[in-house]
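Engineer: Here's my sequence, what's the structure:
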Amino acid sequence: MELNATGERMILDEYTSSIEDYVIYLMHIASYRWVTDIVKGQRVLDFGCGSGYGSAEMAKQASSVEAIDVSEDAIAFANVNYSGSNLRYSSFDPSQNIPFPDASFDVVTSFQVIEHIVDPDIYVREAIRVLVPGGLFVVITPDRSYRLFSWQKPWNRWHVNEFATADLYALLTRHSSMVDMKVMSGDDALCAPEINRCRKLKWSTIPFTLPVYPQAMRVGLLNLVHGMKGRNSAKIKLSDTYGLDENNVRIGYNLSPSLNLVAVATK
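Structural biologist: Have a look, this model is predicted:
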């Protein structure tokens with residue numbers, strides 16, 4: 001089973017031979033290493049599991065992991081490539097409530113998902129609904145403050161909303177009793193390629209990301225640009241690490257630059 005490599009799902013064999021893509025890969029890996037202590041011994045829902053890599057990593061420590069995604073292809077890929085006795089994958093209809101009763105989980109994780117959601121309030125409300133009292137909703141999402149101008153819509157054609165710290169905090173506090181905000185950063189060797197990549201993209205895509213464009217027009221224009229540019233499909237070997245690994249990634253308070261927002265909301 002193959003999964004179309006759009007760049008939006010963590011497919012270990014599909015990150016390409018550039019330091020920019022490798023940095024994105026490391027941030028994904030570091031996210032699941034960081035959450036280990038939170039999910040240890042817990043009943044976990046991975047809300048938007050994609051290829052299943054992260055769900056399988058969490059299942060090594062969690063009591064159980066339910067991993068769900070709107071994409072049936074992603075779920076099929078996950079079932080073939082990642083498995084475990086305490087891990088189950090399933091697809092769901094995004095127009096319906098997720099198929100779990102209230103208070104079913106101790107932890108819900110949402111890594112690089114919420115920026116894809118048309119109505120994030122509904123998404124967050126569902127995540128909080130299925131948590132036990134005192135349960136944790138863990139969110140990691142790109143920090144728009146370095147990726148976009150204040151007025152700009154996302155240049156990533158798959159993203160509907162991107163959040164700054166205040167935006168994400170306001171969203172989560174509407175549905176939870178307490179929100180702890182951190183950021184993901186790193187040393188200059190890790191951050192510089194990502195900052196430079198996004199600086200170029202936010203300038204070069206201005207004609208296609210103006211706030212006056214409806215969603216469908218913005219996506220259509222960006223699809224045209226993407227189709228002309230194509231995607232580098234060259235693979236790298238695991239030994240080609242550019243002198244970086246996940247230890248170059250840091251998660252904590254008051255770190256700069258902020259590449260991702262990291263939030264833990266308590267029910």
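
Engineer: tell me which helix or strand of the protein sits lowest on mean pLDDT?
Structural biologist: Using mean pLDDT, DSSP states H and E, helix 215-229 stands out as the lowest-scoring helix or strand of the chain, at a mean of 83.

Engineer: so how far is it off the chain centroid?
Structural biologist: For helix 215-229, the distance from its own C-alpha centre to the chain's C-alpha centre is 21 Å (Cα atoms, centre = their mean, to the nearest Å).

Engineer: Name the residues of whichever helix or strand comes after that helix that are buried.
Structural biologist: Next in sequence after helix 215-229, counting helices and strands by DSSP states H and E, comes strand 249-252. By neighbour count on 16 or more other Cβ atoms under 10 Å, the buried set for strand 249-252 is Val249, Arg250, Ile251. Yep, even glycine has a C-beta here, placed from its N, CA and C like the rest.

Engineer: pLDDT below threshold where in the protein?
Structural biologist: 1-17, 229-240 (pLDDT under 70).

Engineer: Show the residue spans covered by the strands in it.
Structural biologist: Secondary structure of the chain (DSSP state E): strands at 43-47, 64-69, 87-91, 105-111, 131-142, 178-186, 249-252, 260-266.

Engineer: could those be laid out in JSON lines, adding distance to Ile24?
Structural biologist: As requested, those are exported to JSON lines (distance: least, Cβ to Cβ, whole Å):
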{"stretch": "strand 43-47", "distance to Ile24": "19"}
{"stretch": "strand 64-69", "distance to Ile24": "19"}
{"stretch": "strand 87-91", "distance to Ile24": "23"}
{"stretch": "strand 105-111", "distance to Ile24": "12"}
{"stretch": "strand 131-142", "distance to Ile24": "10"}
{"stretch": "strand 178-186", "distance to Ile24": "12"}
{"stretch": "strand 249-252", "distance to Ile24": "11"}
{"stretch": "strand 260-266", "distance to Ile24": "10"}
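
Engineer: hey, which of those strands is tucked in deepest?
Structural biologist: When the strands of the chain are scored by mean count of other Cβ atoms under 10 Å, the highest mean neighbour count falls to strand 43-47 (a mean of 27).

Engineer: Now do the same contact list for Val44.
Structural biologist: Neighbour list for Val44: Met58, Ala59, Ala62, Ser63, Ser64, Val65, Glu66, Phe105, Asp106, Val107, Val108, Thr109 [criterion: Cβ atoms under 8 Å, 6 or more residues apart in numbering].

Engineer: What about the fourth one, how many residues nearby?
Structural biologist: Right, Ser63. 14 (other Cβ atoms under 10 Å).

Engineer: picking that back up, make JSON lines from the contacts of Val44 and add distance to Leu87 to it.
Structural biologist: Output for these, formatted as JSON lines (distance: Cβ to Cβ, whole Å):
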{"residue": "Met58", "distance to Leu87": "8"}
{"residue": "Ala59", "distance to Leu87": "4"}
{"residue": "Ala62", "distance to Leu87": "9"}
{"residue": "Ser63", "distance to Leu87": "11"}
{"residue": "Ser64", "distance to Leu87": "8"}
{"residue": "Val65", "distance to Leu87": "5"}
{"residue": "Glu66", "distance to Leu87": "8"}
{"residue": "Phe105", "distance to Leu87": "14"}
{"residue": "Asp106", "distance to Leu87": "16"}
{"residue": "Val107", "distance to Leu87": "14"}
{"residue": "Val108", "distance to Leu87": "15"}
{"residue": "Thr109", "distance to Leu87": "13"}
